[in-house]
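Student: One predicted model, sequence on top.
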Amino acid sequence: MAEKVTIGNAELWLGDCREVLCLLPPCDLALTDPPYGIGFAAQPTKWQRRDGQAPEDWDNMTPPAWLFGLLAEKAQELIIWGGNYYDLPRSRGWLTWYKPDSPPSMASIELAWTSMDMNAKMLSHSISATNAERVGHPTQKPVRVMEWCLSFAKDAKTVLDPFMGSGTTGVACATLGKRFVGIEREPRYFELACRRIEAAQRQGSLLEQSEPEALPQQLSL
């Protein structure tokens with residue numbers, strides 16, 4: 001049975017998104033990074049082993065097609081990382097994260113499918129610049145990358161992440177003053193997400209700061 005924790009304006013669910021999504025009201029944006037189903041965790045890199053990340057089975061599972069249909073019903077707009085691995089509608093608004101310092105064992109770019117009618121965009125942001133953020137999740141995105149995604153949905157007040165992981169989307173939402181709804185089925189990652197989002201909310205949002213820190217370099221394709 002799913003459990004809900006409320007932290008400020010964040011609503012965090014410990015449970016399976018296939019069950020929890022049906023309980024939630026509509027939101028403005030779904031921003032998520034689902035497991036790709038390509039066995040990433042089955043072959044941990046030296047970098048992962050250094051961080052003590054053990055292989056897991058979650059990455060070998062691909063979300064069913066109907067789940068993306070449900071997301072489309074729940075959210076006005078969607079941004080789905082790894083969207084190139086799924087059978088999604090055609091889009092011209094792809095987002096690309098370029099990692100100039102990626103090691104040979106990692107992809108140099110990652111792609112996000114969006115439902116937005118806009119030109120494709122690219123962000124250049126190094127991995128090494130965010131080493132201090134890492135908390136042990138094998139596919140954790142930098143907060144800056146998620147903040148960049150949110151910049152394309154400035155009017156979105158409520159953001160949903162059904163594959164919350166360690167809570168990076170929620171941290172970005174706290175920074176930008178947006179309400180967040182996250183779902184995670186692994187208790188250890190859920191606890192990490194709760195701690196990170198609570199800490200981010202204590203720091204306050206960029207909207208409350210006189211001089212917001214600029215987002216990383218953005219390029220139009």
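Tutor: Yes, it's here.
Student: what sits opposite the residue nearest the centre of the chain in the beta ladder?
Tutor: The central residue of the chain, meaning the one whose C-alpha is nearest the mean C-alpha position (Cα atoms, centre = their mean), is T32 at 4.2 Å. T32 has the following beta-bridge partners by DSSP bridges: I80.
Student: what's near enough to touch it?
Tutor: 71, 79-81, 160-163, 169 (Cβ atoms under 8 Å, 6 or more residues apart in numbering). Yep, even glycine has a C-beta here, placed from its N, CA and C like the rest.
Student: quick one: pLDDT of it?
Tutor: The model reports T32 with a pLDDT of 96.
Student: And for R50?
Tutor: Here, the pLDDT recorded for R50 equals 39.
Student: Out of the contacts of T32, who's the most crowded?
Tutor: The most neighbours of any of these, using other Cβ atoms under 10 Å, belong to T169, which has 33 neighbours.
Student: following the helix or strand encompassing that one, which helix or strand shows up next?
Tutor: Under the criterion DSSP states H and E, the helix or strand holding T169 is helix 168-176. Once the chain leaves helix 168-176, the next helix or strand it forms, by DSSP H and E, is strand 179-184.
Student: ok, residues contacting that next one?
Tutor: Strand 179-184 has contacts (Cβ under 8 Å, 6+ apart) with 9-17, 20-21, 24, 27, 157-165, 167, 169-170, 173-174, 190, 193, 197.
Student: start to end distance for stretch 73-90?
Tutor: Counting by Cα to Cα, to the nearest Å, the length from the leading to the trailing residue of stretch 73-90 is 17 Å.
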